[in-house]
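[1] output the structure for:
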Amino acid sequence: MLRPIDNYFLQQEEPIKGSLQFLRHHILKLDKNVSEAWLYGMPFFYYKGKRFCYLWIHKKYKQPYIGIVDGKRINHPALISEKRTRMKIFLIDAGKDIPVKEIDSILKAAIALYKSGPFISRAT
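    The predicted structure follows:
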């Protein structure tokens, strides 16, 4: 029997499915301290036990995105806050090549938040 997180990725249609699967594996390879979990009905990624990003599909644009948990603390022109106060998202065009360097830049900035010292992740 498949885990809910595995089933989520398998249920998606192409090209979104391929994009999400690539992002999943890419995020997990980013750092040895990154792990995944099924939380709030979506795939979440943790850095040293703290939530740092998740994958989802934008309802309006029908495109996958990476949600950065403490995105408000990251200044990057490609991150969108919409009506979120804490999180920001990075939209992925599933019909184009995935911008790996830009994604790495954003994810490394998110991880750096946890490495820079005492950091308590909480909603504001």
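
[2] buried residues in the strand ranked longest in the chain?
    For the chain, the longest strand by residue count, based on DSSP state E, is strand 50-57. In terms of neighbour count (16 or more other C-beta atoms under 10 Å), strand 50-57 has its buried residues at 51-57. Any C-beta I mention is one placed from the backbone N, CA and C, and that applies to glycine too.

[3] which of those residues lies closest to N7?
    Closest approach between these and N7, by C-beta to C-beta: L55, at 13.9 Å.

[4] ok, the closest one - contacts?
    For L55, the contacting residues are 20, 23-24, 27, 42-43, 45, 64-67, by C-beta atoms under 8 Å, 6 or more residues apart in numbering.

[5] assign the closest residue to it other than its chain neighbours to helix, strand or coil.
    Closest residue to L55 in three dimensions, ignoring its sequence neighbours and counting by C-beta to C-beta, 6 or more residues apart in numbering: P43, at 5.0 Å. Recorded secondary structure, P43: strand (DSSP: H, G, I helix; E, B strand; the rest coil).
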